[in-house]
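[1] Compute the structure for the input listed below.
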Amino acid sequence: MNKNEKDRMPREPMLPRVDELEKGTISELLPGQACENILLADPDLSETEASDAAFDSCVLKNVDLSASSVKGLRMLDVSFEHGNLANTNMDEAYLDRVRFVSVRMTGVKISGAKIKDVVFKNCKIDLSAFRFSKFKNVRFENCVLSEADFVSVEFENVVFAECDMLNADLSQTKLRNVDVSGSKIEGLKAGPEQLRGMTIDYSQVPYIVQLTGVTIK
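    Predicted coordinates for the structure are as follows:
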């Protein structure tokens, strides 16, 4: 990793040591419920309806929140590992210093959200919807983002490292310092305004030229 990449790395979650976290048990998540300084492992919370719930300084392992509606979810200093958020509605979420590792997020909806200092690593986030969200200091690493919907998103200091972005839609996005080099971008939907805010590598040049409609003889 070069110095420029390091400068764009999101801040890590500020978590206590694992042995300082209370081992929590939870059978349901309620609207407005706040969970703080706990380690949650293996709860099945699928098909939950709990708007405005919050996790603060928590480690979540193998948590299943699939097919849930958790609009307005707040996560601050959270590590979410090996869980399931497939087809979950997280619209208007607030995510700050959060790490998602090996999480299944197919079909997740996180529209109108504020996403800052967040890492998505080895996550499956295909068919997802992030419309009108704001990303700042975010890194996607080795993630599947095929057919993801980023329409009208604001990106600032965002890296897509070794990701599958096939057919992702970046129409009408605002890009400032966005790096997609090393990722698969065939089928990417983006206009000239988006391309000007994007860093690519040489292998991606032919497709970018195709997007611009330029003919090279």
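[2] From here on, just use CA atoms for contacts and neighbour counts.
    OK.
[3] Now do the end-to-end distance for stretch 198-205.
    Start to finish, the residues bounding stretch 198-205 are 12 Å apart (Cα to Cα, to the nearest Å).
[4] Could I get the buried residue list for it?
    Applying a neighbour-count criterion of 16 or more other Cα atoms under 10 Å, one finds 198, 200, 204 buried in stretch 198-205.
[5] which residues touch the residue nearest to the first one when sequence neighbours are not counted?
    Spatially, and ignoring its direct neighbours in sequence, residue 198 is nearest to residue 178 (5.0 Å; Cα to Cα, 6 or more residues apart in numbering). Listed by Cα atoms under 8 Å, 6 or more residues apart in numbering, the contact set of residue 178 reads 155-160, 197-199.
[6] Alpha carbons of the helix or strand where residue 178 lies, as CSV, please.
    If you go by DSSP states H and E, residue 178 is part of strand 174-179. Listed next in CSV are the C-alpha coordinates belonging to strand 174-179 (Å, rounded to 0.1, in the frame of the first residue of the first chain):
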residue,chain,number,x,y,z
LYS,A,174,-20.6,13.2,-7.3
LEU,A,175,-17.1,11.8,-7.2
ARG,A,176,-14.2,13.4,-5.3
ASN,A,177,-11.0,11.3,-5.1
VAL,A,178,-12.5,7.9,-6.0
ASP,A,179,-10.2,5.0,-7.0
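[7] for the record, mean pLDDT for whichever helix or strand comes after that strand?
    Remark: after strand 174-179, the chain's next helix or strand is helix 192-196, criterion DSSP H and E. What helix 192-196 shows for mean pLDDT is 75.
[8] what's helix 192-196 packed up against?
    strand 174-179 (3 or more Cα pairs under 8 Å, 6 or more residues apart in numbering; DSSP states H and E).
[9] quick revisit: in the strand holding residue 178, what's buried?
    Applying 16+ other Cα under 10 Å to strand 174-179 flags 174-176, 178-179 as buried.
[10] Out of those, which comes closest to residue 117?
    Of all the buried residues of strand 174-179, residue 178 has the smallest distance to residue 117: 14.3 Å, by Cα to Cα.
[11] Select the helix or strand of this structure having the lowest average pLDDT value.
    Lowest on mean pLDDT, DSSP states H and E among the helices and strands of the chain sits helix 3-7, with a mean of 53.
[12] Residue 206: neighbour count?
    Neighbours of residue 206 under the rule other Cα atoms under 10 Å: 11.
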